[in-house]
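S.K.: coordinates for the following, if possible.
(one chain, ligands or ions: 1)
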Amino acid sequence: MAVYNYDVVVLGSGPAGEGAAMNAAKAGRKVAMVDSRALVGGNCTHLGTIPSKALRHSVRQIMQYNTNPLFRQIGEPRWFSFPDVLKSAERVISKQVASRTGYYARNRIDTFFGTASFADERSVDVVCLNGMVEKLVAKQFVVATGSRPYRPADVDFHHPRVYDSDTILNLSHTPRRLIIYGAGVIGCEYASIFSGLGVMVDLIDNRDQLLSFLDDEISDALSYHLRNNNIIIRHNEEYERIEGLDHGVVLHLKSGKKIKADALLWCNGRTGNTDKLGLENVGLKANGRGQITVDEHYRSEVSNIYAAGDVIGWPSLASAAYDQGRSAAGSIVDNDSWRFVNDVPTGIYTIPEISSIGKTERELTQEQIPYEVGKAFFKGMARAQIAVEPVGMLKLLFHRETLELLGVHCFGYQASEIVHIGQAIMSQKGEANSIKYFVNTTFNYPTMAEAYRVAAFDGLNRLF
Ligand SMILES: Cc1cc2nc3c(=O)[nH]c(=O)nc-3n(C[C@H](O)[C@H](O)[C@H](O)COP(=O)(O)OP(=O)(O)OC[C@H]3O[C@@H](n4cnc5c(N)ncnc54)[C@H](O)[C@@H]3O)c2cc1C
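M.R.: Alright, predicted model coming up:
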């Protein structure tokens, strides 16, 4: 067995692993990266964030082509198949892999492709894709092995009509009717994608409200627009069993209902990729969701083993994973790049898009904080009218006495970009965090950012 020595070995090349590897390498450490896939980028690039966002982008373009009267001059509305739109996602994936592969080369990080498991606290064995086994010895390890869809034993994922968010990317036809089981972020995003392609979607929610962590008004707006796009949302439902047929799938619900569709997409939960890591060889144990427990420095109970990204659980976002990985390496190299990542915006790429940061109205009311609301509706804004994107709203929540910005909630065109302006102001200390910023600053015109000015005036006008 070949043996290699490193300062830091990173397991997993998703955003968490990449953030850790780059930070450690830039601090002068000798770094190796191991990934069980033959290409870097992690599940984020190959199965999760990137393909779903690329799919959504193409679907939005198709929807615009089919609904904007301008395009009728060049042709009638057209129907596109799922495999057609998937092709554009594949192009993005390969471009992402190419750029990310370049980062490893440029930073002199060795890459190993195979499945890593701990032999002891100082070494991992890598069963390479060519069958060879290699030993990597290191002073520190960062586990960034991510997560995968949770697959309950009583659902037959080998049935050709039952998919999860990984296998849906192998769908080679366009179902006429699709059941999406699980109405979390991934379920809602895929519901938007498929309904945008004209598929009739039944979205099954275990709860009584979609994405209940959102501000109620935003959650209500999402429900309205998903319904408007022909999605049937069924709340408070749980599966009894899933019956795969030759020509369809029947979902039997505990409430006694039965729903039939051409395919079922399971979007109910994820589990950390820890089962192949040999954690028992280093005295670590994953929790019931396959996740590793870490402290604020992303250090596990074994002092030289760190973990970041989906494998540590909340918030299970690529955005946070990258920063957590960088912070984990920051703890190792002690170069002041550590920070505990706890203030993460929400970015949800449904149709319409949603993004928020800070407190919701519900939270502020519960905490008895005297707040006021300012809103800007996109339908009245020049940039949204030009872009033919009338759906959406920016809502600012601020303290009615100090004018401190407490929450930013947005849905509609560019919501995930717009939120960052509010985030920048919210992160200011003292009086610099004030809604007044938006009325005392000149915004480009026409922009979506101008919504802050409109919403701030709306809110300030309510004060007495
Ligand atoms: C459909 C979908 C859409 C999403 N959309 C968004 C979004 O819009 N925005 C957002 O911020 N987040 C989104 N996410 C979440 C995001 O993809 C994850 O939070 C992110 O991928 C986590 O990154 P990570 O670095 O922890 O691990 P991952 O990206 O999961 O990568 C882990 C890597 O480790 C490898 N690995 C696993 N076990 C081993 C082993 N034993 N040895 C070696 N390598 C191993 C895996 O093969 C994989 O390549 C989405 C997720 C899904 C499923």
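S.K.: how far is stretch 360-374 from where the chain is centred?
M.R.: 27 Å (C-alpha atoms, centre = their mean, to the nearest Å).
S.K.: check the separation of the first and last residues in it.
M.R.: With C-alpha to C-alpha, to the nearest Å applied, stretch 360-374 spans 13 Å between its terminal residues.
S.K.: contacting residues around it?
M.R.: 214-217, 359, 395-401, 406-407, 409, 435, 455-460, 462-463 (C-beta atoms under 8 Å, 6 or more residues apart in numbering). Backbone N, C-alpha and C define where each C-beta goes, glycine included.
S.K.: so of these, which ones are in helices?
M.R.: Counting by DSSP state H, these place 216-217, 455-460 in helices.
S.K.: list only buried entries from those.
M.R.: 217, 455-456, 458-460 (16 or more other C-beta atoms under 10 Å).
S.K.: reformat these as CSV; add distance to Ile259 and pLDDT.
M.R.: Output for these, formatted as CSV (distance: C-beta to C-beta, whole Å; pLDDT from 0 to 100):
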residue, distance to Ile259, pLDDT
Glu217, 29, 97
Ala455, 40, 98
Ala456, 45, 98
Asp458, 42, 98
Gly459, 43, 98
Leu460, 49, 98
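S.K.: closest one of those residues to Asp202?
M.R.: Nearest to Asp202 among these, counting by C-beta to C-beta, is Glu217 at 24.9 Å.
S.K.: that closest one contacts His409, doesn't it?
M.R.: Yes: if you go by C-beta atoms under 8 Å, Glu217 and His409 touch, sitting 7.3 Å apart.
S.K.: strands of the stretch 1-150 of the chain, start to end?
M.R.: 2-11, 31-35, 110-120, 123-128, 133-143, 147-149 (DSSP state E, counting those that start in this stretch).
S.K.: of all these, which lies closest to the ligand?
M.R.: Checking these against the ligand by C-beta to the nearest ligand atom gives strand 110-120 as the closest, at 3.8 Å.
S.K.: how about the buried ones among the ones in helices among the contacts of stretch 360-374 in CSV, adding distance to the ligand?
M.R.: Putting these into CSV (distance: C-beta to the nearest ligand atom, whole Å) gives the following:
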residue, distance to the ligand
Glu217, 22
Ala455, 25
Ala456, 28
Asp458, 30
Gly459, 29
Leu460, 33
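S.K.: intersection of neighbour lists for Glu217 and His409?
M.R.: Lys395.
S.K.: give me the number of residues near the residue of the stretch 51-200 of the chain at minimum distance from the ligand?
M.R.: The nearest approach of the stretch 51-200 of the chain to the ligand comes at Gly146, 1.9 Å away (C-beta to the nearest ligand atom). Applying other C-beta atoms under 10 Å, we find 27 residues neighbouring Gly146.
S.K.: hang on, isn't it packed against Glu18?
M.R.: No: assessed by C-beta under 8 Å, Gly146 is found out of contact with Glu18, at 11.5 Å.
S.K.: could you find the closest non-adjacent residue to Cys154?
M.R.: That one is not Cys; residue 154 is Asp. Arg241 (6.8 Å; C-beta to C-beta, 6 or more residues apart in numbering).
S.K.: for Asn5, that is, sorry about that
M.R.: Val137 (5.0 Å).
S.K.: contacts only, for that neighbour.
M.R.: By C-beta under 8 Å, 6+ apart, the neighbours of Val137 are 3-6, 122-123.
S.K.: and for Val341?
M.R.: 320, 323-324, 327.
S.K.: just Ser356 next, same as before
M.R.: 214-215, 218, 345-346, 407-410, 419.
S.K.: residues near Glu301, how many?
M.R.: Other residues close to Glu301 by other C-beta under 10 Å number 13.
S.K.: so who does it touch?
M.R.: Contact analysis of Glu301 by C-beta under 8 Å, 6+ apart lists 283-284, 293.
S.K.: show me which of those are buried.
M.R.: For the contacts of Glu301, buried by 16+ other C-beta under 10 Å: Leu284.
S.K.: follow-up on the earlier one: list the beta-bridge partners for the residue nearest to Asn5.
M.R.: Asn5, Ser123 (DSSP bridges).
S.K.: roughly how far does it sit from Ile386?
M.R.: Distance of Val137 to Ile386, given as C-beta to C-beta, to the nearest Å: 59 Å.
S.K.: return the residues of the stretch 301-450 of the chain in contact with the ligand.
M.R.: When proximity is defined as C-beta under 6 Å from any ligand atom, the stretch 301-450 of the chain approaches the ligand at 309-311, 316-319, 321, 347, 349.
S.K.: could I get those as a markdown table with neighbour count?
M.R.: As requested, these are exported to a markdown table (neighbours: other C-beta atoms under 10 Å):
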| residue | neighbour count |
| --- | --- |
| Gly309 | 36 |
| Asp310 | 32 |
| Val311 | 30 |
| Ser316 | 18 |
| Leu317 | 22 |
| Ala318 | 21 |
| Ser319 | 16 |
| Ala321 | 30 |
| Gly347 | 21 |
| Tyr349 | 22 |
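S.K.: which ones are touching the one residue in the stretch 201-350 of the chain that gets nearest to the ligand?
M.R.: The stretch 201-350 of the chain approaches the ligand most closely through Gly309 (2.1 Å), counting by C-beta to the nearest ligand atom. Residues counted as contacts of Gly309 (C-beta under 8 Å, 6+ apart) are 12, 14-17, 144-146, 321, 324-325.
S.K.: out of those, who's nearest Met63?
M.R.: Using C-beta to C-beta, these come closest to Met63 at Pro15, 28.8 Å.
S.K.: assumed Leu211 was part of a helix.
M.R.: No: using DSSP: H, G, I helix; E, B strand; the rest coil, the secondary structure at Leu211 is coil, not a helix.
S.K.: wait, it sits on Ser219?
M.R.: Yes: contact between Leu211 and Ser219 holds when scored by C-beta under 8 Å: they sit 5.5 Å apart.
S.K.: let me see the contact set for the residue positioned nearest the centre of the chain.
M.R.: Central residue of the chain (C-alpha atoms, centre = their mean): Leu317, 4.5 Å from the mean position. Taking C-beta under 8 Å, 6+ apart, we find Leu317 in contact with 344, 347.
S.K.: do you know the pLDDT at it?
M.R.: pLDDT, Leu317: 98.
S.K.: let's number from 13 now, not from 1
M.R.: Sure, I'll start numbering at 13, so the last one becomes Leu329.
S.K.: and the helix or strand hosting Ser428, how far out from the chain's middle?
M.R.: Taking DSSP states H and E as the definition, Ser428 sits inside helix 427-438. Distance, stretch centre to chain centre, for helix 427-438: 17 Å (C-alpha atoms, centre = their mean).
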